[in-house]
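Student: please find the sequence and the predicted model below.
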Amino acid sequence: MAIMKDAAWARHTSPWSVWTRFVGGSLLFVALYNHLWWALVGVGIFLIINPFLFPEPESKESWASQSVLGERLWTQKWHWDFPMAISTLGGLFAVLALLVAYFQLFWPTVILVALVLALKAFFLHLMVRLYDDQRRKHWERQYGSEYRD
């Protein structure tokens with residue numbers, strides 16, 4: 001994500017970008033489980049170009065948009081913290097899920113993909129909280145009063 005430019009981040013804040021990427025990631029496991037190599041390549045390409053596909057949204061008040069805004073703040077410097085631990089754990093589960101999907105182990109694949117998605121959703125939640133915290137701090141610095149939604 002560090003290679004994304006301002007315009008790409010702006011487009012990636014589209015809820016369509018967030019949710020299609022979230023669902024699209026699951027399709028990787030389905031394609032691998034069924035050994036559909038053409039589908040695996042297609043989903044992989046889609047996930048790579050996804051942040052560039054959708055226009056910048058008019059409003060960035062959705063949960064999905066704010067998760068991307070928080071992720072952008074979070075990626076501006078490398079640090080080992082709780083979101084990094086959640087992301088790393090999700091990545092490890094994703095590797096295991098890819099392995100068991102390849103060997104067509106149905107229930108381990110389902111359970112691991114569910115864990116990957118749950119951890120991703122939790123990571124996005126943490127990014128929304130980070131964005132809200134930064135927005136509140138900016139408001140309080142700017143206006144000297146408590147931020148209210």
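Tutor: Structure's in. What do you need?

Student: for residue 68, which non-adjacent residue is spatially closest?
Tutor: Among residues not flanking residue 68 along the chain, residue 13 sits closest, at 4.6 Å (C-beta to C-beta, 6 or more residues apart in numbering). All C-beta atoms are positioned from the backbone trio N, CA, C, and that covers glycine.

Student: so how far is stretch 69-78 from its chain's centroid?
Tutor: Between the centre of stretch 69-78 and the centre of its chain there are 12 Å (C-alpha atoms, centre = their mean, to the nearest Å).

Student: tell me the mean pLDDT for it?
Tutor: What stretch 69-78 shows for mean pLDDT is 90.

Student: go on, stretch 40-50?
Tutor: Per-residue scores along stretch 40-50 average to 96.

Student: that one: which residues count as buried?
Tutor: Residues of stretch 40-50 classed as buried by neighbour count (16 or more other C-beta atoms under 10 Å): 40, 43, 46, 50.

Student: ok, stretch 106-126 next?
Tutor: For stretch 106-126, the buried set under the neighbour-count rule, 16+ other C-beta under 10 Å, comprises 109, 112, 113, 115, 116, 117, 119, 120, 123, 124, 126.

Student: output the contacting helices and strands for the strand or helix carrying the fifth one.
Tutor: Residue 116 belongs to helix 106-143 when elements are defined using DSSP states H and E. Applying 3 or more C-beta pairs under 8 Å, 6 or more residues apart in numbering; DSSP states H and E, one finds that helix 106-143 makes contact with helix 15-33, helix 63-75, helix 82-102.

Student: most tightly packed of these?
Tutor: With neighbours taken as mean count of other C-beta atoms under 10 Å, these reach their highest mean count in helix 63-75, at a mean of 20.

Student: for that helix, what is the distance to the chain centroid?
Tutor: The mean C-alpha position of helix 63-75 is separated from the chain mean by 9 Å, C-alpha atoms, centre = their mean.

Student: can you check stretch 132-141 too?
Tutor: Per C-alpha atoms, centre = their mean, the centroid offset for stretch 132-141 relative to its chain is 23 Å.
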